[in-house]
Structures are given as structure tokens and as C-alpha cells.
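Engineer: Attaching a predicted model along with its sequence, questions to come.
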Amino acid sequence: MVRLSGGLTLGTSLKIADSQIQSEIEDGVSKMVIDLTDVEYVDSAGLGMLMYAYGMLNEKKGTLRLCGVIERVMSLLQMTKTDTFLPIDKSLDESLAALQG
């Protein structure tokens, strides 16, 4: 599970989040939950990072789930149709339960 906070926007914080996620995947994680409860904003670079993580896990026959998505971020995911293929749960518990199933 990776918990992110602040804005997922082009810059240093996005690079840190991206390296944390990539490190987990390179260490063999194939089922990942990204908790966005404390993420206030996502721009196109942040969306791209999420899509890249999804693609890497998908190649490994893995799973990526998002949880705690606030309304503002959900609007972006819906506008870009990302919500149609990327599982989004209300809570971390729901995401973890879905990965166990």
C-alpha cells in the first residue's frame, strides 16, 4: 500500500511518489493499493504516473486499486474515463478486501 498526500502534480513531489511506486513494483509487488485520501489535486502528469503504474502492474498480471479519492480527483478520473478500467474503492479496507478475494 502506498499512501500519497498533497498534489500529484508535475514536480518534486510527483517524482518522489513515482519512485516510491516504481520501487515497490521492482521489489516484486504485484497487488498494489494507492491511497489518495490526502491528495487534493491531480494534474495530467499525476494521472500519467498512475497510468504508468497501472501498465507496469498489468504487464506482471498484477492489480492496482485506488482508494480514498476525493470528489475533485474523481471528476478528473471520470472525465478521462480512467475510472472505467482502474478499480476505485471508497476506503483502504475495501481495496485490501478486494485484493484478498
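Structural biologist: Yep, it's here.

Engineer: Check which helix or strand the residue nearest the centre of the chain maps to.
Structural biologist: For the chain, the residue nearest the mean C-alpha position is residue 34 (4.2 Å; C-alpha atoms, centre = their mean). Per DSSP states H and E, residue 34 falls inside strand 31-42.

Engineer: Tell me which strands that strand pairs with, and in which orientation.
Structural biologist: Strand 31-42 pairs in its sheet with strand 2-8 (parallel), strand 63-67 (parallel), by DSSP bridges.

Engineer: What is the burial count for residue 79?
Structural biologist: If you count neighbours by other C-beta atoms under 10 Å, residue 79 ends up with 9. Placement of C-beta: from N, CA and C, glycine included.

Engineer: Over to residue 31?
Structural biologist: Other residues near residue 31 come to 16 when the count uses other C-beta under 10 Å.

Engineer: Check the spacing between it and residue 6 real quick.
Structural biologist: Remark: distance between residue 31 and residue 6 (C-beta to C-beta, to the nearest Å) = 25 Å.

Engineer: follow-up on the earlier one: and of the strands paired with strand 31-42, who's closest to residue 52?
Structural biologist: If you check each of those against residue 52 by C-beta to C-beta, strand 63-67 wins as the nearest, at 10.3 Å.

Engineer: Tell me which helix or strand comes right after the closest one.
Structural biologist: Sequence order places helix 71-79 as the next helix or strand after strand 63-67, per DSSP H and E.

Engineer: Now do that next one: everything it contacts.
Structural biologist: For helix 71-79, contacts defined as C-beta atoms under 8 Å, 6 or more residues apart in numbering pick out 36, 39, 40, 41, 42, 47, 66, 69, 82, 83, 86, 88.

Engineer: now it: mean pLDDT?
Structural biologist: Regarding helix 71-79, the rounded mean pLDDT is 97.

Engineer: now the angle between strand 63-67 and it, please.
Structural biologist: Angle, helix 71-79 to strand 63-67, by axes from the mean of the first three to the mean of the last three C-alpha atoms, to 10 degrees: 140 degrees.

Engineer: No further questions, thank you.
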